[in-house]
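[1] fold the following.
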Amino acid sequence: METMYTRIAKDIERKIQLGVFQPGKRLPSLRNISRLYNVSKNTAIAALNALETSGLVVCYPQSGFYVLGGIMPSEGPEIDLQRIPERQMIISDLLHALSRKDLINLGAAVPPSELLPINRLNILVKKNCELPPDTL
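    This next block holds a predicted model:
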C-alpha cells in the first residue's frame, strides 16, 4: 500500500512533468499543500522532502520549495539571489548535479565491495590479531 506522502509527491511530480509547476518557480506553500491534499503539515513536509531527495525540487529556508529542471534555480526569475546564502546555492547546485543522468558520481571514494580483496584482508587481520600485542 502506498503512503499518503508518496501519493502527494507523485502527484506533484506529475504536475511538474505536465508543466503546471515550471522550473525555477516556487511550489505552493507547505500550508497550501496540506490544505489542498487535506493532510497534516508533517505529511506535506514528507512529500516535499521526497521530491527534494529525488532532485525535482530544492528548498530555500524562509522562501519555500522551487522546481528544478531545465532552468537552474539560480537562474529562475522568482528567486531573489540576494536573500539566499552562498552555501545554499552550492547545495542547490550539488543536488542538481547529482540528479543529472549524464554525470558519474565520484563522491563516494569507496570502490564496490566486489573489487576489494576481502578474503586477503580478512586473512591479514586475523594474522595480526594473533600476534602478541607488543609486535603490533
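
[2] does residue 58 sit in a helix, a strand or a coil?
    What DSSP: H, G, I helix; E, B strand; the rest coil gives for residue 58 is strand.

[3] so which helix or strand takes in the residue nearest to it when sequence neighbours are not counted?
    Excluding its sequence neighbours, the residue lying closest to residue 58 (C-beta to C-beta, 6 or more residues apart in numbering) is residue 92, at 4.7 Å. Where C-beta positions appear, they are placed from N, C-alpha and C, glycine not excepted. Per DSSP states H and E, residue 92 falls inside helix 86-99.

[4] just to revisit the earlier point, any idea how far the residue nearest to residue 58 lies from residue 65?
    Remark: distance between residue 92 and residue 65 (C-beta to C-beta, to the nearest Å) = 11 Å.

[5] quick check: residue 25 touching residue 67?
    Yes. Using C-beta atoms under 8 Å, residue 25 and residue 67 qualify as a contacting pair, with a distance of 5.7 Å.

[6] higher neighbour count, the two?
    Neighbours per residue (other C-beta atoms under 10 Å) separate residue 25 from residue 67, with residue 67 holding more: 23 against 17.

[7] what's residue 56 in contact with, if anything?
    Residue 56 makes contact with 12-13, 16, 67-69, 99 under the criterion C-beta atoms under 8 Å, 6 or more residues apart in numbering.

[8] can I get those residues in CSV including distance to residue 5, pLDDT and secondary structure?
    Output for the contacts of residue 56, formatted as CSV (distance: C-beta to C-beta, whole Å; pLDDT from 0 to 100; DSSP: H, G, I helix; E, B strand; the rest coil):
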residue, distance to residue 5, pLDDT, secondary structure
12, 10, 93, helix
13, 12, 91, helix
16, 16, 88, helix
67, 18, 90, strand
68, 19, 85, coil
69, 21, 66, coil
99, 20, 71, helix
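
[9] with these in mind, which one is nearest to residue 37?
    Using C-beta to C-beta, residue 12 comes nearest to residue 37 of these, at 9.4 Å.

[10] ok, the closest one - contacts?
    Per C-beta under 8 Å, 6+ apart, neighbours of residue 12: 21, 27, 33, 47-48, 51, 56.

[11] relative to residue 99, how far out is it?
    As judged by C-beta to C-beta, residue 12 and residue 99 stand 16 Å apart.
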